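**Q** What follows is a protein structure lacking sequence information:
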């Protein structure tokens, strides 16, 4: 055994390469520091959480869990080692941990003593979920991994804050909902616009008839980008590419399929239709009072410009909703506009206005309909873990909102023909081909 060395990034990478420390070895559960030592901020007074996925959106959840006084971050996970190491260094710096490693080989590797509150790293989420001390997880991984991790976490007794879009397919989404209900889990979908005042205000004014009977809703979100392809490359060190592909087909590594770029492939996501559509269709359905249902039909057009990505670069869909309401869902403009005989209300992030302006200048009264109010999406989830009440974007809401987007993508992939949707049974009416697209083939051993 060589002498002990302080962990810097280079030494840690070298050590991990020669050991099994991170490669699936579960760390022992840390001992909780007694509350009389740290007072109200004691770890024992907090929900113990793990964060799965530390990339683009995952870094936001990682930072949110670090800063929330009701949470104690105990574990982090990413199958891309550099991302895991970066988050581990940040966590150690937060806690003043001087992590020391003993260099060795195979069975000679020993886990050094660390403070009870130190964060443990994992390359495999399954090992993190085995931790009995972890109450909940926050998860931000590519869309095609959402359902399996969410379901595994809830079956392991964890509450979940799960990024949107909730699912890759409609059938996966329904499985997530059933698992949440069967296990009594609190699940917050990361459609955080519901916790922003401007969106709630817009929906309250619509629901209280300030525009009269709604005739049309315009939902603009933009189309997916397009690029020329780049050659396939060797798999970068520290990345489990087979597991990253998960249920999707096995293909050579290409950086345009990894991290943020995964969104532009139907194999892993649904393009802008599900990426931003899950946000703005969520608000459209909130304003229409359709959280537990969906449209009656969809038809339209969609196009993919030539290039490497395969999701729609432009599209124009029309949903027919009950009460003769049409929702126009397209790739130009931005935000959500509710239109009625008395005027219109437009809302987007950080902006709300009406035409005429006086619609929003007349305040709501105490007798008006008021919607679920949340001023902080993460804190709302934490509060609901305490109360066991449903959060503002409960899993059923997240499922119904993204289902509209999946319906649109199915319509586009079938040439834009009109599809009749049975929202109660979550099936297309008399359309075997469309119903075959409610799920997708899944590669073993990552199938749900």
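**A** Received it, and whenever you're ready, just let me know what you need. As the structure is a prediction and not an experimental result, all values here were calculated from the model. Numbering: from 1, shown residues only.

**Q** Which other helices and strands does the biggest helix by length in the chain contact?
**A** Counting by DSSP state H, the longest helix found in the chain is helix 395-413. Where contact means 3 or more C-beta pairs under 8 Å, 6 or more residues apart in numbering; DSSP states H and E, helix 395-413 is packed against helix 170-183, strand 187-189, helix 271-275, helix 277-288, strand 297-303, strand 314-321, strand 419-422. All C-beta atoms are positioned from the backbone trio N, CA, C, and that covers glycine.

**Q** buried ones in the fifth one?
**A** Buried positions in strand 297-303, judged by neighbour count with 16 or more other C-beta atoms under 10 Å: 297, 298, 299, 300, 302.

**Q** So what touches it?
**A** With contact meaning C-beta atoms under 8 Å, 6 or more residues apart in numbering, strand 297-303 is reached by 312-320, 329, 407-409, 411-413, 416-421.

**Q** Got a PyMOL select line for the buried ones in those residues?
**A** PyMOL command restricting these to the buried ones, with burial defined by 16+ other C-beta under 10 Å:
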select buried, resi 312+313+314+315+316+317+318+319+320+329+407+408+409+411+412+416+419+420+421
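
**Q** picking up where we left off before, between the buried residues of strand 297-303, which is nearest residue 341?
**A** Taking C-beta to C-beta as the measure, residue 297 is the one of those closest to residue 341, at 23.6 Å.

**Q** Tell me the pLDDT of the closest one.
**A** On pLDDT, residue 297 comes in at 98.

**Q** beta partners of it?
**A** Bridge pairing for residue 297 (DSSP bridges) gives the partners residue 320, residue 420.

**Q** now it: how far from residue 280?
**A** Distance, residue 297 to residue 280, using C-beta to C-beta, to the nearest Å: 19 Å.

**Q** the strands in the stretch 301-448 of the chain, which residues?
**A** Using DSSP state E, counting those that start in this stretch, the strands of the stretch 301-448 of the chain run over 314-321, 325-330, 335-340, 343-348, 351-355, 419-422, 427-428.

**Q** out of the ones you listed, deepest packed?
**A** Stretch with highest mean neighbour count among those: strand 335-340 (a mean of 23; mean count of other C-beta atoms under 10 Å).

**Q** what mean pLDDT does it have?
**A** Per-residue pLDDT values across strand 335-340 average out to 98.

**Q** Where does the prediction get shaky in the stretch 51-200 of the chain?
**A** Scanning the stretch 51-200 of the chain for pLDDT under 70 picks out the ranges 100-113.

**Q** list the contacts for the nearest residue to residue 375 once chain neighbours are set aside?
**A** Excluding the flanking residues, the one nearest residue 375 by C-beta to C-beta, 6 or more residues apart in numbering is residue 195, at 6.4 Å. If a contact means C-beta under 8 Å, 6+ apart, then residue 195 has 374, 375, 376, 377, 380, 392 as its contacts.

**Q** Please identify which of the helices and strands packed on helix 395-413 is closest to residue 46.
**A** Comparing those under C-beta to C-beta, the one sitting nearest is strand 187-189, at 17.2 Å.

**Q** and the helix or strand following the closest one with strand 351-355, angle?
**A** Downstream of strand 187-189, the next assigned helix or strand under DSSP states H and E is helix 197-207. Counting by axes from the mean of the first three to the mean of the last three C-alpha atoms, to 10 degrees, helix 197-207 lies at 30 degrees to strand 351-355.

**Q** Packing partners of helix 197-207?
**A** helix 277-288, strand 335-340, strand 343-348, strand 351-355, helix 358-361.

**Q** what comes up buried for the first one?
**A** Neighbour-count burial for helix 277-288 flags 277, 278, 279, 280, 281, 282, 283, 284, 285, 286, 287, 288 (criterion: 16+ other C-beta under 10 Å).

**Q** ok, of these, which one's closest to residue 358?
**A** Comparing these against residue 358 with C-beta to C-beta places residue 287 closest, at 19.4 Å.

**Q** where do the strands sit along the stretch 51-200 of the chain?
**A** According to DSSP E, counting those that start in this stretch, the strands that the stretch 51-200 of the chain contains are 71-77, 100-101, 120-122, 136-139, 159-162, 187-189.

**Q** These: which one's closest to residue 335?
**A** strand 187-189 (19.9 Å).

**Q** Out of the helices and strands packed on helix 197-207, which gets nearest to residue 370?
**A** helix 277-288 (12.9 Å).

**Q** Which secondary structure elements does the closest one sit against?
**A** On a contact count with 3+ C-beta pairs under 8 Å, 6+ apart, helix 277-288 meets helix 197-207, strand 216-220, strand 325-330, strand 335-340, helix 395-413.

**Q** Tell me how far that helix lies from the chain's centre.
**A** When distances are taken as C-alpha atoms, centre = their mean, to the nearest Å, helix 277-288 is centred 16 Å away from the chain's centroid.

**Q** cool, stretch 408-423 as well?
**A** Its chain's C-alpha centre and that of stretch 408-423 lie 24 Å apart, by C-alpha atoms, centre = their mean.

**Q** Check the separation of the first and last residues in that stretch.
**A** End-to-end distance of stretch 408-423 (C-alpha to C-alpha, to the nearest Å): 14 Å.
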